[in-house]
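> need coordinates for the below:
(one chain, ligands or ions: 3)
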Amino acid sequence: MGDKLKDSKIIFVVGGPGSGKGTQCEKVVEKYGFTHLSSGDLLRAEVSSGSERGKQLSAIMQRGELVPLETVLDMIKEAMIAKADTSKGFLIDGYPREVRQGEEFEKKIGAPSLLLYIDAKAETMVKRLMKRGETSGRTDDNEETIKKRLDLYYKATEPVIAYYEGRGIVRKIVSEGTVDEVFSQVAAAIDSLL
Ligand SMILES: Nc1ncnc2c1ncn2[C@@H]1O[C@H](COP(=O)(O)OP(=O)(O)O)[C@@H](O)[C@H]1O
Ligand SMILES: Nc1ncnc2c1ncn2[C@H]1C[C@H](O)[C@@H](COP(=O)(O)OP(=O)(O)O)O1
Ligand SMILES: [Mg+2]
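Ligands and ions are numbered 1, 2, ... in the order given. I've put the predicted structure just below:
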């Protein structure tokens with residue numbers, strides 16, 4: 001099974017909180033049929049299961065902090081294996097969030113062929129998250145936690161971009177325009193890969 005994953009196409013979708021990762025991944029699924037796995041969605045599913053582990057994860061996410069690497073990596077691997085037979089390729093949304101997550105992923109699963117770097121200005125991300133917070137019901141879409149998540153993004157996640165830039169697989173997407181304007185950049189990046 002491990003080999004099966006090794007051969008599948010893997011695209012990392014990396015960007016700050018509120019940069020538009022989830023929105024763009026939904027449009028990629030529509031157009032290309034890839035399997036979208038959002039680390040945050042997998043974690044929130046565990047939280048809503050009411051499990052003991054879910055309670056611990058919820059407290060961490062509420063503080064805008066990163067959950068343990070092993071937890072999120074195992075969840076993603078499990079989800080990929082479940083879809084390996086039918087998947088056209090995987091969009092890994094929200095992972096890696098630090099360099100060592102990328103290294104562990106490659107040891108246990110496989111190497112990405114593309115990293116979509118969804119780049120938006122801090123004030124754009126804050127504006128979008130505050131708006132999302134009005135309807136998302138997420139405990140981390142509030143001013144204080146958003147600030148923590150942004151700080152963490154600049155400190156821990158931006159180095160991921162530099163790490164993969166070294167491999168020449170990063171495509172920077174300017175995520176400031178309309179959803180469709182951003183998606184035309186995403187589609188061009190994926191078309192250049194296929
Ligand atoms: N290009 C865009 N223009 C305006 N709003 C956007 C755009 N992309 C996403 N949004 C909105 O911003 C919020 C964050 O988008 P989302 O895709 O959830 O980002 P992420 O997954 O990176 O946190 C959502 O409410 C979404 O509807
Ligand atoms: N790869 C990862 N490593 C550690 N924690 C993660 C993680 N992916 C998500 N989380 C935790 C911390 C994030 O603040 C929270 C929400 O993640 P998310 O849904 O990807 O946020 P967003 O879509 O707003 O960028 O879940
Ligand atoms: Mg998201």
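
> please count neighbours and contacts with C-alpha atoms only from this point.
OK.

> now residue 106: which helix or strand?
helix 99-108 (DSSP states H and E).

> phi, psi of the residue nearest the centre of the chain?
Centroid check for the chain by C-alpha atoms, centre = their mean gives residue 94 as the closest residue, at 1.7 Å. Torsion angles at residue 94 (phi, psi; degrees, to the nearest 10) stand at phi 100, psi 10.

> all strands for this structure, in order.
Under the criterion DSSP state E, the chain contains strands at 10-15, 35-38, 90-93, 114-119, 170-174.

> contacts for stretch 98-117?
Stretch 98-117 has contacts (C-alpha atoms under 8 Å, 6 or more residues apart in numbering) with 2, 5-7, 9-15, 69, 73, 77, 95-96, 156-161, 163-164, 169-173, 186, 189, 193.

> could you list the low-pLDDT ranges of this protein?
Judged by pLDDT under 70, the chain has its weakly predicted residues at 1-3.

> so who does residue 9 touch?
Residue 9 touches 88, 89, 90, 112, 113, counting by C-alpha under 8 Å, 6+ apart.

> can you tell me the closest non-neighbouring residue to the first one?
Ranked by C-alpha to C-alpha, 6 or more residues apart in numbering and with sequence neighbours excluded, the top spatial neighbour of residue 88 is residue 34, at 5.3 Å.

> what count of nearby residues applies to that neighbour?
Residue 34: 20 surrounding residues under other C-alpha atoms under 10 Å.

> contacts only, for it.
Counting by C-alpha under 8 Å, 6+ apart, residue 34 touches 28, 87, 88, 89, 90, 91.

> kindly recompute the last result at 6 Å.
88, 89, 90 (C-alpha atoms under 6 Å, 6 or more residues apart in numbering).

> quick one: residue 129 from residue 162, how far?
For residue 129, the distance to residue 162 (C-alpha to C-alpha, to the nearest Å) stands at 25 Å.

> between these two, who's got more neighbours?
Neighbour count, other C-alpha under 10 Å: between residue 129 and residue 162, residue 129 has more, with 21 against 13.

> what does this protein have sitting close to ligand 2?
Proximity of the chain to ligand 2 (C-alpha under 6 Å from any ligand atom) is limited to residues 16-18, 39-41, 61, 64-67, 69, 72, 94-97, 149.

> now a PyMOL select for only the buried ones of the residues you listed.
Of those, the buried ones can be selected in PyMOL as follows, counting by 16 or more other C-alpha atoms under 10 Å:
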select buried, resi 16+17+18+39+61+64+65+66+72+94+95+96+97+149
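
> dump the residue contacts of residue 72.
For residue 72, the contact set (C-alpha under 6 Å, 6+ apart) is empty.
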